[in-house]
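Chemist: model this:
(2 chains)
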Amino acid sequence: MFGWEFPPHIAGGIGTACEGIVKGLAHNGVETIFVMPAASGDEDQSCATILNASDVPVQHVSDTVEEFLDKVKFISVDSSIVPYVDPDEYFDAIEKMKREQVRETTVGFGHKFKFSGKYGANLLEEVSRYAQVGGTIAMQHAGEFDVIHAHDWLTYLAGIAAKELSGKPLVVHVHATSFDRGSEDMVDSRVYAIERRGMEAADRVVTVSDLTRNIVINKYGIDPAKVVTVHNAVDFSGRENLQVERGVKDKVVTFLGRITFQKGPEYFIEAAAKVLKRTKNVRFVMAGSGDMMQRAIRQVARLGISDRFHFTGFLRGQEVQKMFALSDVYIMPSVSEPFGISPLEAMRSNVPSIISHQSGAAEVLKYALKVDFWDVDAMADDIYALLQYPALSDFANRQGFDEVNALKWNNATAKLKKVYESVVNE
Amino acid sequence: MKKSICLYFQVHQPTRLRLYRFFDIGKDSHYYDDFANRTILKRIAQKCYLPMNELLLEAITKQKGKLKLAFSITGSALEQFDRYAPEVIESFRKLADTGCVEFLCETYNHSLSSLVSKPEFEHQVLKHKAAVEQYFGVTPKTFRNTELIYSDGIGSMVYDLGFKTVLTEGARHIMGWKSPNYVYNNDMQPSQKLLLRNYSLSDDVAFRFADRDWSEWPLTAEKFLGWLKGAEGEIVNLFMDYETFGEHQGAESGIFEFMSALPALVAKDKEIEFVTPSRAATKHKSVGDLSVPQPISWADEERDTSAWLGNELQQDAFNKLYGLQEKLSILNDAALWGDFGRLTESDHLYYMCTKFFTDGDVHKRFSPYDTPYEAFINYMNVLSDFIIRVNNAMAERG
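Modeler: Here you go, the predicted structure:
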């Protein structure tokens, strides 16, 4: 399995999803070799030891994370690939890495790769480098696997290389497409080309929602017969909801995520202004950061609601739980969201959620309120209703809690296992 | 009649806010970064206030009172001196005792109240006047507004409070062909005199002194005196931040040597002398009315109020803050008034300025925040807590 991040060193949600998938597969009796480019620094040294220690056979299905981690083979490939970042952040990350240490790594055929660089061309260069390394690893471990599984475009070339060198079937997993990252007319054609190549070369394309499945079919021209939806799940094991003392008496409505075009922050702000016209005992919070943040702050100031609309900046670790614990309504007004795990986390924290129809999560969540992202009147209505009518919020809260607890990776990966079986038998 | 040099130095330190997060709202009502405020104040006291006060005291004694100058020290700075460096107040008091130093009046909290609220403005002016009397035993007679903000209306407001002389900027768009090197009078109050900053000669010292790329570097006292004498007109008003000496222009630039040499040269000169602002107003006759319908200031290229109220963030924060006045007057609670005063400091709005390109460097240099947006978020979080306190107090009152 080719991924690019894995907890605890994660930049986005895909690392968490990969963990859930690998764990769920283990539960379903599927062994995994997880290949990842380790960009966080401390994986670098463990790289060799992991390779050496990796001939522990995976035979038992395990329940605890630690036990499981011992059984899954980790192969780290040093690289500066960081998914889902804008050029500035990428540059910062690279600069930080350079400061920490300048590394040269010998991989695969003995070529020396020096990692440093700029965005654009270099990220793509690293994608193809990862492909080379992927191919090498596939050859080295040829006898040990039956299916190749690649997560999102950065690993597709590695997946293709592995397929070509080993002859094993390839499954690509689409967590997001170029159309979710930019707007319709701002799609990076190079990324699009890689995505399309990966999907065409794949024996099966797994999408995280029907919404994404439709994009894959319509925008990438992939044969519907080989595109399968496996909805994401979420692993809440070992998690207790935080109890936090509230500072403000008012109800709190929260948006949590990257503040970018596709998350629809401006619709939330407009809805907030509408709600504030009708009731004063409410505060709105936009937690996160992103390239639209400054625009969002200006919009809030222009509407004259900045004493009721707060920005927290990027939240880390426990702060996310704390934010949910302080919230009365959660909102995800995404313009385009392949899945969107955050409302599940909110509902698990007993926070009723409003999500847009334009999200994959809307396909699986019955007890979230749903609106079109552009329909700020409906959004304001729903916010107001959840704040003012306890009967509604209690119901959404209780049902939503049970609903998200039932979304297990074990079930999702059972479906994934069937996909594997179908390509192995073909 | 000898030509006049009028020196006035601004002393101000903002009460910087701590990192105040959304999670703190309603829980913790201490808003200030005491550590940063103390550290910065002590550093500047060592680098600037104490050595420069000593230098000036020496020069006054040596030149037998021929060095005259003025200070305006904000209430925000005085409060912090009192807490962290009382020796600074003591050294200013010694200067006050020479009789050669005039202390000016301004808004207590270095606020923009003159632009929005007559009652709050008058309150802060009188509060500052009382503080100057208390600390230095002199009653201020001359007024300078925050950042030299001035308009005909503001002049009239302080005229009614008894100030016959006001300092402001010789802004090009107001002056037109006129020279700042004369005394003018308020268009609406003919007996109120205006002293206008000569920004070119002031900035030679305040901004360019240590600049080695400047064609006139190094600036010597002889050369500068030559310029002062050569400037056409009756008076040269050199108005600048006091932190110029030792802080903005470090000691290694030779600024202290420059400032001890200049008074000695002037004292010997037969054509030019130092005057305090109130002396300048009696010595020189007004050459004419100066009409300033819209507020001007000494900040940035625009010389207007756009550094504090130029964007929607600043305007919203400003309106939200001053929107509380009515409730505060009803409550009349000392603790609430104190925090309100510190939140009116114009610096908080200055940090939110988004004019990045020409003057952004100056803004950035003085801001504790990485971006104007962070400044806004932090300020609004603090203000939100403050609003909750005001509303709770109102509710208790019934």
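Chemist: need the residues of chain A near chain B, please.
Modeler: By C-beta under 8 Å from any C-beta of the partner chain, the residues of chain A that approach chain B are A:245-249, A:283, A:285, A:293-294, A:297-298, A:300-302, A:304, A:306-308, A:310-313, A:319, A:322, A:326. All C-beta atoms are positioned from the backbone trio N, CA, C, and that covers glycine.
Chemist: Could you point out the helix or strand that follows the one helix or strand A:Arg213 maps to?
Modeler: A:Arg213 belongs to helix A:210-220 when assigned by DSSP states H and E. Note on helix A:210-220: by DSSP H and E, the next helix or strand toward the C-terminus is strand A:227-229.
Chemist: That following strand pairs with which strands, parallel or anti?
Modeler: Sheet pairing for strand A:227-229, assigned by DSSP bridges, gives strand A:204-207 (parallel).
Chemist: Indicate the residue of chain A located nearest to chain B.
Modeler: Nearest to chain B, among the residues of chain A, is A:Gly247, at 3.0 Å (C-beta to the nearest C-beta).
Chemist: ok, that residue - contacts?
Modeler: Each residue near A:Gly247 by C-beta atoms under 8 Å, 6 or more residues apart in numbering or on different chains is listed here: B:23-28.
Chemist: Name the residues of the strand or helix carrying B:Phe224 that come out as buried.
Modeler: If you go by DSSP H and E, B:Phe224 is part of helix B:221-230. For helix B:221-230, the neighbour count (16 or more other C-beta atoms under 10 Å in any protein chain shown) marks B:221, B:224-225, B:228 as buried.
Chemist: Output these as a markdown table; include the columns distance to chain A and pLDDT.
Modeler: Rendered in a markdown table, the data for the buried residues of helix B:221-230 read as follows (distance: C-beta to the nearest C-beta, whole Å; pLDDT from 0 to 100):
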| residue | distance to chain A | pLDDT |
| --- | --- | --- |
| B:Ala221 | 46 | 97 |
| B:Phe224 | 43 | 97 |
| B:Leu225 | 48 | 97 |
| B:Leu228 | 45 | 97 |
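Chemist: Smallest gap between the stretch 101-250 of chain B and chain A, at which residue?
Modeler: For the stretch 101-250 of chain B, C-beta to the nearest C-beta, closest residue to chain A: B:Val116, 15.4 Å.
Chemist: Does anything pack onto the helix holding A:Arg213? Which helices or strands?
Modeler: Contacts defined by 3 or more C-beta pairs under 8 Å, 6 or more residues apart in numbering or on different chains; DSSP states H and E place helix A:210-220 against helix A:178-181, helix A:189-201, strand A:204-207, strand A:227-229.
Chemist: taking the mean pLDDT, what do you get for stretch B:73-83?
Modeler: Stretch B:73-83 comes out with an average pLDDT of 97.
Chemist: right, I mislabeled it, should have said stretch A:161-176
Modeler: pLDDT averaged over stretch A:161-176 gives 90.
Chemist: where in the chain is pLDDT low?
Modeler: If you meant another chain, say so; for now it's chain A. Where chain A drops to pLDDT under 70, the residues are A:8-12, A:38-123, A:125-126, A:182-185, A:238.
Chemist: hmm, I had chain B in mind actually
Modeler: For chain B, the stretches with pLDDT under 70 are B:356-365.
Chemist: repeat that with 80
Modeler: Residues of chain B meeting the criterion pLDDT under 80: B:355-366, B:398.
Chemist: can you tell me which helix or strand the closest residue to the residue of chain A closest to chain B other than its chain neighbours belongs to?
Modeler: Distances taken as C-beta to C-beta, 6 or more residues apart in numbering or on different chains place B:Gly26 nearest to A:Gly247, at 3.0 Å, with adjacent residues excluded. Counting by DSSP H and E, no helix or strand carries B:Gly26.
Chemist: and B:Gly26, what does it touch?
Modeler: Listed by C-beta under 8 Å, 6+ apart, the contact set of B:Gly26 reads A:246-249, B:385, B:388.
Chemist: do the same with A:Val364
Modeler: Neighbouring residues of A:Val364 by C-beta under 8 Å, 6+ apart: A:231, A:407.
Chemist: circling back to that earlier point, just the buried residues of the contacts of A:Gly247.
Modeler: Counted by 16+ other C-beta under 10 Å, those give B:23-26 as buried.
Chemist: Might one say that A:Ala271 is in contact with A:Val376?
Modeler: Yes: contact criterion C-beta atoms under 8 Å: A:Ala271 and A:Val376 qualify, at 4.6 Å.
Chemist: Which of these two has more residues huddled nearby?
Modeler: With neighbours defined as other C-beta atoms under 10 Å in any protein chain shown, A:Ala271 and A:Val376 compare such that A:Ala271 has more, 26 against 22.
Chemist: chain center to the longest helix seen in chain A, what's the gap?
Modeler: Criterion DSSP state H: the longest helix present in chain A is helix A:120-140. In terms of C-alpha atoms, centre = their mean, to the nearest Å, the centre of helix A:120-140 is found 22 Å from the chain centre.
Chemist: what inclination does it have with respect to helix A:189-201?
Modeler: Helix A:120-140 runs at 20 degrees relative to helix A:189-201, counting by axes from the mean of the first three to the mean of the last three C-alpha atoms, to 10 degrees.
Chemist: Enumerate the positions of helix A:120-140 that are buried.
Modeler: Neighbour-count burial for helix A:120-140, counted by 16+ other C-beta under 10 Å, picks out A:122-124, A:126-127, A:129-138.
Chemist: so how far is the first residue of stretch B:154-166 from its last?
Modeler: End-to-end distance of stretch B:154-166: 10 Å, with C-alpha to C-alpha, to the nearest Å as the criterion.
Chemist: what does it rub up against?
Modeler: B:105, B:114, B:118, B:121-122, B:125-126, B:141-145, B:150, B:186, B:188-189, B:191-195, B:277-278, B:280-281, B:292, B:295.
Chemist: give the contact list for residue 342.
Modeler: Defaulting to chain A. By C-beta under 8 Å, 6+ apart, the residues touching A:Ser342 are A:256-257, A:330, A:332.
Chemist: try again with chain B
Modeler: Neighbours of B:Arg342 in contact, by C-beta under 8 Å, 6+ apart: B:15, B:31-32, B:76, B:109.
Chemist: Where do the strands of chain A begin and end?
Modeler: Per DSSP state E, chain A carries strands over the ranges A:33-38, A:73-78, A:104-107, A:111-114, A:148-151, A:170-174, A:204-207, A:227-229, A:251-256, A:282-287, A:309-313, A:329-332, A:353-356, A:369-371.
Chemist: quick one: which of the buried ones among the contacts of A:Gly247 is nearest B:Phe258?
Modeler: Nearest to B:Phe258 among the buried ones among the contacts of A:Gly247: B:Asp24, at 46.3 Å, using C-beta to C-beta.
Chemist: could you flag which of the contacts of stretch B:154-166 are buried?
Modeler: B:105, B:114, B:121-122, B:125, B:141-145, B:150, B:186, B:189, B:192-195, B:277-278, B:280-281, B:292, B:295.
Chemist: could you pull out the strands for the stretch 101-250 of chain B?
Modeler: For the stretch 101-250 of chain B, the strands defined by DSSP state E, counting those that start in this stretch cover B:101-103, B:142-144, B:165-169, B:183-186, B:193-197, B:235-241, B:245-246, B:249-250.
Chemist: In contact with A:Lys249, which residues?
Modeler: Contacts for A:Lys249 (C-beta under 8 Å, 6+ apart) come out as A:281, B:26.
Chemist: related to what we said a few turns ago, now the helix holding A:Arg213 and helix A:189-201, what's the angle there?
Modeler: Using the same axes, to 10 degrees: helix A:210-220 against helix A:189-201 is 100 degrees.
Chemist: Okay then, goodbye and thanks.
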